[in-house]
Each structure stands twice: as C-alpha cells, then as structure tokens.
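> structure for the following, please:
(one chain, ligands or ions: 1)
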Amino acid sequence: MNMDAQLAAHLSGGRQAGGTLLEVKNITLRFGGVEALKNISFDIREGEIRAIIGPNGAGKSSMLNVISGFYHPQEGEVWFRGEKRRPMRPHQIARQGLARTFQNIALFKGMSTLDNIMTGRLTMMRRNMLWQALWKGPAEAEEIAHREAVERIIDFLEIQHIRKKPVGALPYGLQKRVELGRALAAEPKLLLLDEPMAGMNVEEKEDMSRFILDVNDEFGTTIALIEHDMGVVMDLSDRVVVLDYGRKIGDGAPAEVRANPEVIDAYLGVAHE
Ligand SMILES: Nc1ncnc2c1ncn2[C@@H]1O[C@H](COP(=O)(O)OP(=O)(O)OP(=O)(O)O)[C@@H](O)[C@H]1O
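Numbering: from 1, shown residues only. Predicted coordinates for the structure are as follows:
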C-alpha cells in the first residue's frame, strides 16, 4: 500500500471493537528491592480506550513504560499484534505501530508546531540522506506526502493558528495538543497517553477529552491512557485496569470497577476523602 492509501485507510478506519491488539502476561518489574509490578496481566482490544488507574506509586507509569519498551520486565511477556515481542529498543517498537505522549511534555520547545508534528513522521520516512542526494524526485514526493499528512492532523486538532509558532511559547493545553499531534503523525495502531490532562484547567480537559474521543472514533486508533481525573476516566474509557502497590486489583467496564470494593478501598475511597 502506498502512503496515501495507508493514510486513507487509517483515516477512514472508524471505531470498531476487535480482537486483542496487545496483551501483557504475568509482568513483574523490579527496581532493586522494589517490585513496581507484580505478576500483572491484561489485554487491550483493537479499537478501545483502555485506562490504567491507581493511587500514586501504584505502578501505572512503569506499566506504560513496559508497553512502550522503555523498561524491560524481569518476568512476563508482551504480545503485540499477535506476536510475542522479542527484546527490542523503543524506536523499533515505535516502528511496529506504537506511539506515546509523556507526563511532562517532551517537545522541541524552539521548533514550530508544524516541525514538531513532522518529527512524528520520522519513523515512517523511508528515504535517507544518501537516497535524497542521489534521487531527488522520489524523496521530494515523499516529503510532500508527509507534509500533507501533517497538515491534515493540524486541521483535525484545530491548531492551524499556531502552526508556525514555537511550541515553547504556547499555553500548556495547546502544547499537550501538539504532543498528541506528533504521536498521531506516526499513524499508530496503539496510542499511549501518560496523564494527558495533568495540569489542565476544566476547559482544556474538555477539549482534550473531545480530541481523544475523536481520534479513537475517526481514526480507529486504539488508546491506552493513564489518568488521575476519575470523571475523565469514567467518561472516556471502555475498560479500566486498576493497579495498587504494583498489583492488579480491578479490571472491567467503568461501572464495574467503580463498584469493586477493593478499588473503592484502595483508590476511590482515598480520592474522595
Ligand atoms: N526508575 C525507577 N527506579 C526506581 N524505582 C522506581 C523507578 N520507577 C518507578 N519506581 C518505583 O516503582 C513504583 C511504581 O512507580 P510508578 O511511577 O510506576 O507509579 P505510578 O502509579 O505511575 O505513580 P504516579 O501516579 O505517582 O506517577 C514506585 O514505588 C516507584 O518509586
């Protein structure tokens, strides 16, 4: 499939509940004496929005880092797109169709919105510098296709007005949106969002929630997210996995998890005190 066909398929994918996209099996992760994750198993289905919640220090970020390949667990397996993942580096995992945003924004502050989102295409660029020097035509065509894909994302996220602005000068909520744009530019099968609403005001949270739902709905992108705001989690997610002290204590639809006594004790009880 050429790139335009791929993008069209991606854009018209629509939301569809499907089979298992990713599965973690019996993951145990230790830092010295600390067991950050203890024998954790769960799956993420194609097309769903899956939240990972839990109190501070529960192991949420560790779990996301295992999924994205930043951490290598001592025990357990990660299965992605039907295959057991062999040890590989995060950029190789990205090439397999996984993109993420970070808890603390990780953009190039001095670069424009447009250029930051363009960096999200890097994993997809086929023509290297040598090729460009030898054969200008195809490299140019590819560059144009990438630019068009980026412009479509800019339109989708309604950030045309800041496309040339350096991101460091933008309000926090907009920077988060640019970071989402950069992750989307890689056209991921699975998008990991690490506290996408952290530090946002109510209006910014509403905007971000809408974009997350739209990405899932219009692009058909599967999304896993860590979020502290329980209202947001309950509204957005199809299913929620709950961690506490590195253990899994709940897993199911939002209403199911909300009614789970262990979850209420460990997390919701604390949150509502
Ligand atoms: N790189 C690391 N080195 C040592 N210990 C770590 C490291 N990362 C996490 N931990 C420990 O692992 C446990 C789980 O931490 P993790 O950050 O995954 O939790 P979390 O649920 O994301 O917390 P928070 O909501 O505060 O971000 C904690 O006890 C933490 O101190």
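> which residue, neighbours along the chain excluded, lies closest to Gly57?
Of all residues not flanking Gly57 in the chain, Tyr245 sits nearest, at 7.5 Å (C-beta to C-beta, 6 or more residues apart in numbering). Where C-beta positions appear, they are placed from N, C-alpha and C, glycine not excepted.
> so that neighbour sits right up against Asn56, yeah?
No: under the criterion of C-beta atoms under 8 Å, Tyr245 is not in contact with Asn56, lying 10.7 Å apart.
> out of those two, which sits in the busier spot?
Tyr245 (14 against 7; other C-beta atoms under 10 Å).
> list the contacts of the more buried one.
Contact analysis of Tyr245 by C-beta atoms under 8 Å, 6 or more residues apart in numbering lists 38, 57-59.
> do the same with Arg177
By C-beta under 8 Å, 6+ apart, the contact list for Arg177 reads 157, 159, 207-208, 211.
> make it 10 Å
Contacts for Arg177 (C-beta atoms under 10 Å, 6 or more residues apart in numbering) come out as 113, 157-159, 162, 170-171, 196, 204, 207-208, 211.
> can you check Ser68 too?
78, 90, 93-94, 98-100, 102, 190, 192, 194, 224.
> can you rerun that using 8 Å?
90, 93, 98, 100, 192.
> neighbours around the last one, how many?
In terms of burial, Leu192 registers 26 neighbours under the definition other C-beta under 10 Å.
> tell me the bridge partners for the residue nearest the centre of the chain.
In the chain, the residue lying closest to the centroid (C-alpha atoms, centre = their mean) is Leu192, at 1.8 Å. Judged by DSSP bridges, the bridge partners of Leu192 are Arg100, Ala224.
> how near is it to the ligand?
13 Å (C-beta to the nearest ligand atom, to the nearest Å).
> got it, and Arg121?
As judged by C-beta to the nearest ligand atom, Arg121 and the ligand stand 29 Å apart.
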